[in-house]
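>>> Just a sequence and a predicted model for now, questions to come.
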Amino acid sequence: YLQPRLFGPLGIANPTWDASAQGISLGGFGLSVRTEDIACFGQLYLQKGMWQGRQLVPADWVEAATSVQTANGSDPSSDWNQGYGYQFWRTRHGFYRGDGAFGQFCIVMQPCDTVVAITSGTSDMQMVMTLVWDKILPALGSAPLPADPGSDRRLTEKLASLSLPVQAGEATSPVAAKVAGRRYAFPENPQHIEAVSLMAAGGTGMPVTLRISGVDQHFDCGQGSWATGSISPAPGDAIPVAASGAWTSEDTYSFRLCRSLTPFSTAYDLRFAGDTVILEALDNVGSVAPARIRLTGTAQP
C-alpha cells in the first residue's frame with residue numbers, strides 16, 4: 001500500500017517491516033529504513049505533505065496529526081508531557097516528533113525550517129532530545145550559514161573514524177583446546193537457547209554456533225576486529241551480523257554479537273569448568289530493563 005504512495009515518491013529503497021505469521025505488516029512498529037529515509041519523511045511533513053510538486057499527504061491531515069489531540073501530562077521539563085496528536089508527539093519548544101523504541105527520532109522543528117533524524121540504541125530517550133535542545137537548537141539561525149570547508153572536513157573525518165570497540169582480551173587460553181568442538185546443551189529456558197559450541201580459532205577469530213529455537217546459528221567472532229556474517233532465525237530470513245570476541249580470562253570467552261544496520265547487540269560470556277559452561281548474556285536495550293541471562297550447560301557426549 002505504501003510503496004507507490006509514500007516509499008516510492010520519497011526514494012525510500014528496500015524498507016523492511018516486521019510482519020505477523022500471516023505476513024501482515026505490524027504497522028505500529030518494526031519498520032526498518034535508513035536514517036536518511038527518516039529525514040525525508042520529516043521533510044515531507046515539514047512541507048505539509050508536499051514532495052517535489054506532489055501532495056502525497058493532505059495538508060489538513062498533517063496539521064491535525066501533529067497538533068495536540070489529547071493531553072498527556074503537565075511536566076514542562078518532559079518531552080512526553082507536551083501533548084499527543086495522531087501518532088506524533090509534541091515536544092518542548094513548540095516542535096513535534098515521531099519516535100521509535102530505543103532512540104529513533106524524527107524531530108520536525110518547523111519554525112526553524114529544520115528536521116533532525118536520529119537512530120540510536122539507548123533507553124534514555126529524553127537525554128537524546130535534551131542534547132538536541134542544548135546543542136543544535138541554539139546554533140540555528142534565520143539565515144544560511146556561510147561555507148566552512150574546515151568544519152566540513154573535520155566532520156567528514158570524524159564520521160569516517162567512528163567505530164564500535166572490539167572485544168578486548170587474548171586470542172587463546174589454556175582451556176581453548178579442551179573446549180573446542182564440544183557442544184554444551186542447556187535446559188529449557190525462556191530465551192530458547194538450546195546449545196553453544198566453539199571451534200578452534202582460525203586466522204580471523206573464533207567460529208561460534210548458538211542453537212536457538214531449534215536452529216543452529218553459525219558465525220565467526222573476529223579477534224581484534226569485527227567479523228561479518230549472518231544468522232537465520234527462520235528459514236529464508238538472513239539477518240546480517242558482526243561479532244567480535246576474545247578470551248577475557250583463562251576460563252572465559254566473551255563476545256559481542258551486533259545486528260548490523262540496527263541498534264541491537266548482545267554481549268555474551270562463556271565460563272568453562274570441566275564439563276559445564278555458564279552462559280551469561282546481556283542485551284544493550286530492551287522493552288524492559290535489560291537483565292543478564294544466566295544459564296548452565298553440560299557437555300554432550
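Sure, I can see it.

>>> I'd like to know how far the residue nearest the centre of the chain sits from residue 251.
Centroid check for the chain by C-alpha atoms, centre = their mean gives residue 263 as the closest residue, at 1.5 Å. With the distance defined as C-beta to C-beta, to the nearest Å, residue 263 ends up 31 Å from residue 251. From N, CA and C alone the C-beta is placed, and that goes for glycine too.

>>> Low-confidence stretches in this protein?
For the chain, applying pLDDT under 70 flags the ranges 203, 234-236, 289-290.

>>> returning to that earlier point: remind me which helix or strand the residue nearest to the centre of the chain belongs to.
Per DSSP states H and E, residue 263 falls between elements, in no helix or strand.

>>> Would you mind giving the dihedral angles phi and psi of the closest residue to it other than its chain neighbours?
Ranked by C-beta to C-beta, 6 or more residues apart in numbering and with sequence neighbours excluded, the top spatial neighbour of residue 263 is residue 121, at 2.9 Å. When quoted as degrees, to the nearest 10, the phi and psi of residue 121 stand at phi -130, psi 90.

>>> so is residue 8 in a helix, a strand, or just coil?
Following DSSP: H, G, I helix; E, B strand; the rest coil, the label given to residue 8 is helix.

>>> my bad, should have said residue 38
Counting by three-state DSSP, the backbone at residue 38 sits in helix.

>>> so it touches residue 120, yeah?
No: judged on C-beta atoms under 8 Å, residue 38 makes no contact with residue 120 at a distance of 11.7 Å.

>>> Please enumerate the shared neighbours of these two.
Common neighbours of residue 38 and residue 120, counting by C-beta atoms under 8 Å, 6 or more residues apart in numbering, are residue 104.

>>> The residue nearest to the centre of the chain reaches residue 119, doesn't it?
Yes: Residue 263 lies in contact with residue 119 (C-beta under 8 Å); the separation is 6.5 Å.

>>> which element follows the host helix or strand of residue 130 toward the C-terminus?
Residue 130 belongs to helix 125-131 when assigned by DSSP H and E. As assigned by DSSP H and E, the chain's next helix or strand after helix 125-131 is helix 149-161.

>>> Name the residue in residue 38 and residue 120 with the higher neighbour count.
residue 38 (23 against 15; other C-beta atoms under 10 Å).

>>> check contacts around that one.
Contacts of residue 38 (C-beta under 8 Å, 6+ apart): 104, 105, 106, 117, 119.

>>> Show me those residues that map onto helices.
Counting by DSSP state H, no part of these is found in helices.

>>> can I get those in CSV with neighbour count?
Shown next, in CSV, are the contacts of residue 38 (neighbours: other C-beta atoms under 10 Å):
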residue, neighbour count
104, 22
105, 22
106, 23
117, 20
119, 17
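
>>> Which secondary structure elements does the longest strand along the chain sit against?
For the chain, the strand with the greatest residue count under DSSP state E is strand 237-249. When contacts are defined as 3 or more C-beta pairs under 8 Å, 6 or more residues apart in numbering; DSSP states H and E, strand 237-249 packs onto strand 205-212, strand 215-222, strand 227-234, strand 252-259.

>>> Now tell me what touches the helix or strand that comes right after the last one from outside.
Pointing back at strand 252-259 there. Per DSSP H and E, the first helix or strand lying C-terminal to strand 252-259 is strand 265-273. With contacts defined as C-beta under 8 Å, 6+ apart, strand 265-273 is touched by 121, 175, 178-179, 196, 198, 248, 251-259, 277-284.
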